[in-house]
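> what's the 3D shape of this:
(chains A and B)
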Protein chains: 2
Amino acid sequence: MGKILLDMAMSLDGFIAGPNDEPAGLHDWFFPPSGSVTAGDAEIIDESIRTTGAIVMGRRSYDLGDKVDGFVHTPYRVEHFVLSHDVPEQVARGETTFTFVTDGIESVLREAKAAAGDKNVAVGGGASIAQQCIRAGLLDEIQIHLVPVLLGEGIRLFEHPGAERIKLERTRVIESPFATHLRFRVVKEN
Amino acid sequence: MGKILLDMAMSLDGFIAGPNDEPAGLHDWFFPPSGSVTAGDAEIIDESIRTTGAIVMGRRSYDLGDKVDGFVHTPYRVEHFVLSHDVPEQVARGETTFTFVTDGIESVLREAKAAAGDKNVAVGGGASIAQQCIRAGLLDEIQIHLVPVLLGEGIRLFEHPGAERIKLERTRVIESPFATHLRFRVVKEN
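Numbering: from 1, shown residues only, chains lettered A, B, ... in the order given. Purely as a prediction, here's the structure:
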């Protein structure tokens, strides 16, 4: 059975984008300016592509990705589920399929899980959908690509996660100059 | 020459204490409930005690530590410099000496640096003094003891760090079940 994994890049001071949604170098480990992915980063990227069966994202992230490159550069050839209030007219781009789900976080995760089969559902942003997943107790794992920079301002990942304390177990650390890839299991207490 | 090091424990969601200044388990790697420090944590603690020549803290952190145990359990037998608006009546406790400095962040760091000699000045909290150090460009290194928990609320370390982007280089990772000890060098760009 696949897991539901929150998978995001974050600066040391907690931002997933700069002001005005600037990428701010947070994805350089994935798309290095030099074109050469380091060994540590390649291990993470290969594993992610191999084990991800569906991607869930918020509407804002979809609109941003659509604007940047219409998703033609994504290496994930799996169904993308977009949690959205409405369904935009023009949807599919490149080789990636998009399904718009309008009835809430539990519904979009259920559909993505069915599509992913034995593989994982990766929740890839933005902050709002991540916070909804955390608050609803729907995550099995969290992977944070911690980028060695203090952005000072921008969009914060853990802005309103709610008052419930959630224990994690760190299950892996992989280092590269661009990021410290930290993986956690969510400890579910009954 | 010693370095100025910000040295703090932080939850994955960016908090250095829970609501009402609760420690919230963030210092369990240093003071484990079981009494047994793990090997990874011991390495960090031993190094810190060996290389720290002076400690700088804010007045709130002093008042909290004073209330908890009067600093009798701190293993740091070095001069503590407290940035404060006034000097409290009762100051020294245990074997630790406290010096109150009232004329600003640069002044307290200068005094601490003189006291530390070849050893490091450790800035140990709270959030306000950490933010002042970051904003003033006064840090050489940052050590974050990243604790695998989402607190959801509390006192945030990087709350108002300002708009300047600060590049870091991650120089070390040491793992324990209680924390991922991440050390960064602040990249000073001229």
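> Would you map the helices across chain A?
A:39-51, A:59-69, A:105-116, A:127-135 (DSSP state H).
> Which strands or helices does the third one pack on?
Just to be clear, that refers to helix A:105-116. strand A:52-58, strand A:79-83, strand A:98-101, strand A:120-123, helix A:127-135 (3 or more C-beta pairs under 8 Å, 6 or more residues apart in numbering or on different chains; DSSP states H and E). Just so you know, the C-beta spots here come from the backbone N, C-alpha and C atoms, and that holds for glycine as well.
> Quick one: mean pLDDT over stretch A:165-176.
What stretch A:165-176 shows for mean pLDDT is 96.
> go on, stretch A:53-65?
93.
> one step back: ok, which of the helices and strands packed on helix A:105-116 comes nearest chain B?
The closest of the helices and strands packed on helix A:105-116 to chain B is helix A:127-135. By C-beta to the nearest C-beta, the value is 6.6 Å.
> hmm, that closest one touching chain B?
Yes: judged by C-beta under 8 Å from any C-beta of the partner chain, helix A:127-135 comes into contact with chain B through A:Ile134.
> which residues are in contact with that helix?
By C-beta atoms under 8 Å, 6 or more residues apart in numbering or on different chains, the residues outside helix A:127-135 that reach it are A:4, A:6, A:8, A:16, A:56-58, A:60-61, A:83, A:105, A:109, A:123, A:139, A:155-162, A:164, A:166, B:150.
> tell me the angle of that helix relative to helix A:59-69?
Counting by axes from the mean of the first three to the mean of the last three C-alpha atoms, to 10 degrees, helix A:127-135 points 140 degrees away from the direction of helix A:59-69.
> Please list the residues of chain A that sit near chain B.
A:12-14, A:18-19, A:24, A:134, A:142, A:144, A:146, A:148-153, A:156-158, A:161-170, A:173, A:175, A:177, A:180, A:182, A:184.
> Looking at those residues, which are in strands?
Mapping these onto strands (DSSP state E) picks out A:142, A:144, A:146, A:149-150, A:156, A:166-170, A:173, A:175, A:180, A:182, A:184.
> which ones are touching the residue nearest the centre of chain A?
With distances taken as C-alpha atoms, centre = their mean, the residue of chain A nearest its centroid is A:Gly124 (1.7 Å). Residues counted as contacts of A:Gly124 (C-beta under 8 Å, 6+ apart) are A:Asp7, A:Met8, A:Ile55, A:Val56, A:Met57, A:Ser61.
> The same query, at a cut-off of 6 Å, please.
Counting by C-beta atoms under 6 Å, 6 or more residues apart in numbering or on different chains, A:Gly124 makes contact with A:Asp7, A:Ile55, A:Met57.
> now swap in A:Glu95 and tell me
So A:Glu95 contacts A:Arg77 (C-beta under 6 Å, 6+ apart).
> So which helix or strand of chain A has the lowest pLDDT on average?
Lowest by mean pLDDT, DSSP states H and E among the helices and strands of chain A is helix A:59-69, with a mean of 87.
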